[in-house]
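Peer 1: predicted model and sequence below, questions to follow.
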Amino acid sequence: MRIAIIGCGYVSALYLRTLQLCPDLQIVGVTDLLPQRREIFAKHANSPVFESVEQILSNSGAEIVVNLTNPSAHYTINRQALEAGKHVYCEKPLATQYEQARELVELAYSFGLRISGAPCSVLGEVAQAVWRELRRNRVGTARLVYAELDDGMVHRAPYRQWLNEFGIPWPAKDEFEVGCTLEHAGYYLTWLLAFFGPAESMTCFGGMTIPDKRTDEPLAVASPDFTVACLQFRSGVTARLTCSIVAEHDHRLRIFGDEGIMSVHDCWDYRSRASVRRLLNIRRKSFVSPVPLPIRLPPPPAARVPKFGSASMDFARGIVELAAAIREHRPSRLSTEFSLHTNE
């Protein structure tokens, strides 16, 4: 399937690393606001380069547009792509406002098109293995979930030295302004929505604990650097999802069931350690076994994604799934409705 990439910033190199392992996807065009970035990306991707969004939508022959622009531009670019008759795969979120996301979905339906969005880590081996074990009632009925996405004090890290393989710097100002929720909550949120079904209610708190991030330019938006949400799912499960760029690195998932605890070490690693600890009753005491039982993961794909920095995720897996669903005339596992509810 022919794809066009709009946005050649920092994350684009991570996508290209995995797209190069997908022979069924052909990059037929790239573009970016900055000429140097689009030229560098096009050289590495061995693909045509276009000077504008309008040109790439009109002349590239793409069937799917992959939107890797800044979140503030997602709604506009996604709408342009749909109006041009293209399916869309968008970096998170589909739009920064729910009403805009819903408008995009309605537009896609009206044109008979698909729109879905990142993250796609729910398609990874560890997420699929945990979902399998939940269906087998490995820890009994799931009752409560703790999901953590803490990344340490990012503003104190040497992020000015963070360059992708094309030499493009990590966009610190944009990342801090977008905030940890839109950047990171989706990784575990998509897992929870897949495992436990739609969320019915949510109670949230967000705060900025470090107003001065010491960026080279002042932040235009005071986004929270710590957020926590308590979600109630229609299935009866309750979950607490915490995100921060302040607390020490912690990407754990723990699912508490009637018969034990299921744990994942890190959702950013598709082959992360995952285990079960059973609830034991001995005489008059009840306790959780200190011995973790490993969860067997599905076999990895033939082509393994090389690790770059902290990123070892297969960013292209969602695009591959969308393309396959279109070709096979079936619903995508990252469906339009699923992506909209994640955005909501």
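Peer 2: It's in.

Peer 1: beyond the least confident helix or strand in the chain by mean pLDDT, next helix or strand please.
Peer 2: Using mean pLDDT, DSSP states H and E, the weakest-scoring helix or strand in the chain turns out to be strand 285-288, at a mean of 87. Later in the chain than strand 285-288, the nearest helix or strand by DSSP states H and E is strand 293-294.

Peer 1: how is this structure carved up into domains?
Peer 2: Structural domains annotated on the chain: 2-120+314-343, 121-294, as defined by automatic domain parsing.

Peer 1: returning to what we had before: what helices and strands are in contact with the least confident helix or strand of the chain?
Peer 2: When contacts are defined as 3 or more Cβ pairs under 8 Å, 6 or more residues apart in numbering; DSSP states H and E, strand 285-288 sits against strand 274-282. In short, each C-beta sits where N, CA and C put it, glycine included.

Peer 1: for the protein, which segments count as strands?
Peer 2: Taking DSSP state E, the strands of the chain run over residues 2-6, 26-31, 64-67, 87-90, 115-117, 142-150, 199-207, 226-233, 238-244, 253-257, 260-264, 274-282, 285-288, 293-294.

Peer 1: tell me who's in contact with T96.
Peer 2: If a contact means Cβ atoms under 8 Å, 6 or more residues apart in numbering, then T96 has P71, S72, H74, Y75, L182 as its contacts.

Peer 1: once you drop chain neighbours, what's closest to A127?
Peer 2: W191 (5.4 Å; Cβ to Cβ, 6 or more residues apart in numbering).

Peer 1: what's the neighbour count on that neighbour?
Peer 2: Close neighbours of W191, defined as other Cβ atoms under 10 Å, add up to 25.

Peer 1: contact partners for it?
Peer 2: The contact partners of W191, by Cβ under 8 Å, 6+ apart, come to S121, V122, A127, V130, W131, A147, L253, C267.

Peer 1: tell me which of the domains of the chain sits most buried.
Peer 2: For the domains of the chain, the largest average neighbour count (mean count of other Cβ atoms under 10 Å) is found in domain 2-120+314-343, namely a mean of 20.

Peer 1: gap between L107 and T336?
Peer 2: Using Cβ to Cβ, to the nearest Å, one gets 11 Å for the distance from L107 to T336.

Peer 1: equivalent analysis for G9, please.
Peer 2: Separation of G9 from T336 (Cβ to Cβ) stands at 25 Å.

Peer 1: again with P158
Peer 2: 40 Å.

Peer 1: just V139 next, same as before
Peer 2: 32 Å.

Peer 1: related to what we said a few turns ago, and the least confident helix or strand of the chain, how far from the chain's centre?
Peer 2: Mean-position distance between strand 285-288 and its chain equals 37 Å (Cα atoms, centre = their mean, to the nearest Å).

Peer 1: now do the contacts for the most centrally placed residue in the chain.
Peer 2: Centrality entry for the chain: nearest residue to the mean C-alpha point is P119, 1.9 Å, by Cα atoms, centre = their mean. P119 makes contact with K92, G186, Y187, T190, M313, G318, according to Cβ under 8 Å, 6+ apart.

Peer 1: ok, now with 7 Å
Peer 2: K92, G186, Y187, T190 (Cβ atoms under 7 Å, 6 or more residues apart in numbering).

Peer 1: got TSV for those residues, with distance to G112 and pLDDT too?
Peer 2: What follows is these, written out as TSV (distance: Cβ to Cβ, whole Å; pLDDT from 0 to 100):
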residue	distance to G112	pLDDT
K92	24	95
G186	26	95
Y187	30	96
T190	25	97
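
Peer 1: pick the one among those residues closest to E175.
Peer 2: When the contacts of P119 are ranked by distance to E175 (Cβ to Cβ), K92 comes first, at 12.6 Å.

Peer 1: is it correct that that closest one is in contact with A185?
Peer 2: No: checked against Cβ atoms under 7 Å, the pair K92 and A185 is beyond contact range at 8.7 Å.

Peer 1: where are the low-confidence patches of this structure?
Peer 2: Applying pLDDT under 70 to the chain flags the ranges 303-311.

Peer 1: what about the helices in it?
Peer 2: Using DSSP state H, the helices of the chain run over 10-19, 35-45, 53-59, 71-83, 98-111, 125-135, 172-178, 180, 186-196, 317-328, 336-343.

Peer 1: tell me what the fourth one is packed against?
Peer 2: It stands for helix 71-83. Helices and strands touching helix 71-83, by 3 or more Cβ pairs under 7 Å, 6 or more residues apart in numbering; DSSP states H and E, are helix 53-59, strand 64-67, strand 87-90, helix 98-111.
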